[in-house]
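**Student:** Sequence and predicted structure are below.
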Amino acid sequence: MNVDLFDFELPEELIAQTPLLERTASRLLMLNKESGAVEHGVFTDLADKLHAGDVLVLNDTRVLPARLLGTKRDTGARIELLLLKQLENDRWEVLAKPAKRMKAGTVVVFGEDEAGAPLLTASVEEEGSMGSRIVRFSYQGIFNELLDRLGEMPLPPYIKEKLDEKERYQTVYSKHEGSAAAPTAGLHFTKPFLEALEAKGVELAYLTLHVGLGTFRPMSTETVEEHEMHAEYYEISEQTAKILQRAREQKRRIVAVGTTSARTLETLGQRFEDKPLEACNGWTSIFIYPGHSFKLVNALLTNFHLPKSTLVMLVSALAGREHILQAYREAIEHRYRFFSFGDAMFIY
């Protein structure tokens, strides 16, 4: 299957650069996956599409302020590090820019204490491909507190505006730090709206998938099948496993909030296909594209995605490529806002 089958023309001005003042103020395109019928509304119309007994599954990962700006200790040259994955203790896989200046043995310093000593130091231990490096951090105190002090939110490359308020790139239910990017479909929710859904009889379930930056990397293969997904860490609790197992047994609708929740649910569907779901954790590199047989996900709330991206392929697997491309054409015609800070789409 050629990657170009998932291409479309997107006017650059439709890429949302800043979040709306009110989280629930975005628009909502509603797509019937069977018929391809499209309705246009506002995000809070989601309440009319969800029914008592539905299970709404939300990813409670929290984004690390993972973008660090520092200088090389020997030359003073500016270096940017983006934290990708914690390996063990203070060893991390990072994305370095400019990578050519980051040879093994290079030391980068960040911030200064009252005595002029660096607050955080990174030493390059190994060089990887595509700008990745393995570094070891050294510091006094608590690493996450230093990150909060020194780091910036790692916004996707298509967002050029600076984010004034860090919490707008976190969901209101974010809990477990570890993501390099936000699960952006969840950014539309407020606590009162979630409470209103619960009052209606919608059951909420939380899982954790730490989003990696591979989400934003363009596909470099000509065919879909050749592409290899990056691995991401996931975890589900005993409570969530029980909620999902009951819903599966009772044939109630499981609604994923975001492609990260969908990928985790489908990983669980494969892992526990012939046995009851249990609390678990692990790494998933599942790649969902047309032809995938969904095991747990019945409906999906998501944002609008990049042309030729793995995320467009995922939604096409759920609703059909033609239905998705037609819905995207309507979204562009109606001037919906795209990507991380953009409007939402409900596929049911």
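**Tutor:** Done, it's in.

**Student:** doesn't residue 331 fall inside a helix?
**Tutor:** Yes. Per DSSP: H, G, I helix; E, B strand; the rest coil, residue 331 lies within a helix segment.

**Student:** please begin residue numbering at 41 from this point
**Tutor:** With 41 as the first residue, the last one maps to residue 371.

**Student:** Any figure for the gap between it and residue 287?
**Tutor:** 30 Å (Cβ to Cβ, to the nearest Å). No exception for glycine: its C-beta is placed from N, CA and C like everyone else's.

**Student:** go on, residue 261?
**Tutor:** 36 Å.

**Student:** neighbour-wise, which of those two wins?
**Tutor:** Set residue 261 next to residue 287 and count neighbours by other Cβ atoms under 10 Å: residue 287 wins out with 22 against 11.

**Student:** Let me know the helix or strand that the more buried one is in.
**Tutor:** helix 278-289 (DSSP states H and E).

**Student:** can you check residue 69 too?
**Tutor:** Assigned by DSSP H and E, residue 69 belongs to strand 67-71.

**Student:** for that strand, packing partners?
**Tutor:** For strand 67-71, the elements it packs on are strand 78-82, helix 361-373, strand 384-387, judged by 3 or more Cβ pairs under 8 Å, 6 or more residues apart in numbering; DSSP states H and E.

**Student:** For the helix holding residue 287, which outside residues touch it?
**Tutor:** If you take Cβ atoms under 8 Å, 6 or more residues apart in numbering as the criterion, helix 278-289 is touched by 95, 97, 243, 245-247, 276, 292-294, 305, 308, 316-320, 336.

**Student:** Between the helices and strands packed on strand 67-71, which one is closest to residue 227.
**Tutor:** strand 384-387 (9.1 Å; Cβ to Cβ).

**Student:** Please identify the buried residues of the closest one?
**Tutor:** Neighbour-count burial for strand 384-387 flags 384, 385, 386, 387 (criterion: 16 or more other Cβ atoms under 10 Å).

**Student:** now do stretch 75-89
**Tutor:** 78, 83, 86, 89.

**Student:** beta partners of the first one?
**Tutor:** To tie it back to what came earlier, the one meant is residue 78. residue 71 (DSSP bridges).

**Student:** I'd guessed it sits against residue 373; true?
**Tutor:** No. Look at residue 78 against residue 373 with Cβ atoms under 8 Å: they stay out of range, at 10.7 Å.

**Student:** Give me the contact list for whichever helix or strand comes after the helix holding residue 287.
**Tutor:** Where DSSP H and E defines the elements, the next helix or strand beyond helix 278-289 is strand 294-297. Residues outside strand 294-297 that contact it (Cβ under 8 Å, 6+ apart): 90, 94-99, 223, 225-226, 229, 284, 287-288, 302, 305, 336-341, 388.

**Student:** Would you mind measuring from residue 111 to residue 158?
**Tutor:** 9 Å.

**Student:** picking up where we left off before, could I get the buried residues of strand 384-387 as CSV with pLDDT?
**Tutor:** What follows is the buried residues of strand 384-387, written out as CSV (pLDDT from 0 to 100):
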residue, pLDDT
384, 98
385, 98
386, 99
387, 99
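
**Student:** hmm, back to that, among the contacts of helix 278-289, name the buried ones.
**Tutor:** Looks like the contacts of helix 278-289 have 95, 97, 243, 245-247, 276, 292-294, 305, 308, 317, 336 buried, using 16+ other Cβ under 10 Å.

**Student:** from these, which two are the most distant?
**Tutor:** Most distant of the buried ones among the contacts of helix 278-289, by Cβ to Cβ, are 276 and 293, 18.4 Å apart.

**Student:** Appreciated, that's everything.
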